[in-house]
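fold the following.
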Amino acid sequence: MKLEITEQEKALLLEMLEAKNTAMFHELHHTFARDYKDYVRQRMELLEGLKAKVAETSTSSGVAA
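So this is what the prediction gives:
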């Protein structure tokens with residue numbers, strides 16, 4: 001799948017992903033349940049992977065496709 005987005009859309013996506021990752025980091029820090037900590041860590045890894053993919057996405061001057 002190819003995703004074409006504008007620079008503004010890319011910046012917003014990266015900002016939102018970083019905000020969610022930060023929130024999950026705080027949640028991880030305040031959680032004592034081992035299973036839930038593992039779940040949060042897995043979600044954080046997914047977010048980091050997605051953030052890397054978005055960061056390397058080429059942008060276009062048109063509308064997102």
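
so where does the residue nearest to the spatial centre of the chain fall, helix or strand?
Nearest to the mean C-alpha position of the chain, by CA atoms, centre = their mean, lies L17 at 3.2 Å. Assigned by DSSP states H and E, L17 belongs to helix 7-29.

picking that back up, now for the nearest residue to the residue nearest to the centre of the chain once chain neighbours are set aside, how many residues are close by?
The spatial neighbour of L17 that comes closest, neighbours along the chain excluded (CB to CB, 6 or more residues apart in numbering), is K51 at 4.5 Å. (C-beta placed from N, C-alpha, C; glycine too.) K51 has 17 neighbouring residues, counting by other CB atoms under 10 Å.

grab the nearest non-local neighbour of T57.
Nearest to T57 is L3, by CB to CB, 6+ apart, at 5.7 Å.

meant to ask about R41, not that
R41 sits nearest to L28 (CB to CB, 6+ apart), 6.7 Å away.

can you pull the contacts of the one you found?
Counting by CB atoms under 8 Å, 6 or more residues apart in numbering, L28 touches K37, V40, R41, M44.
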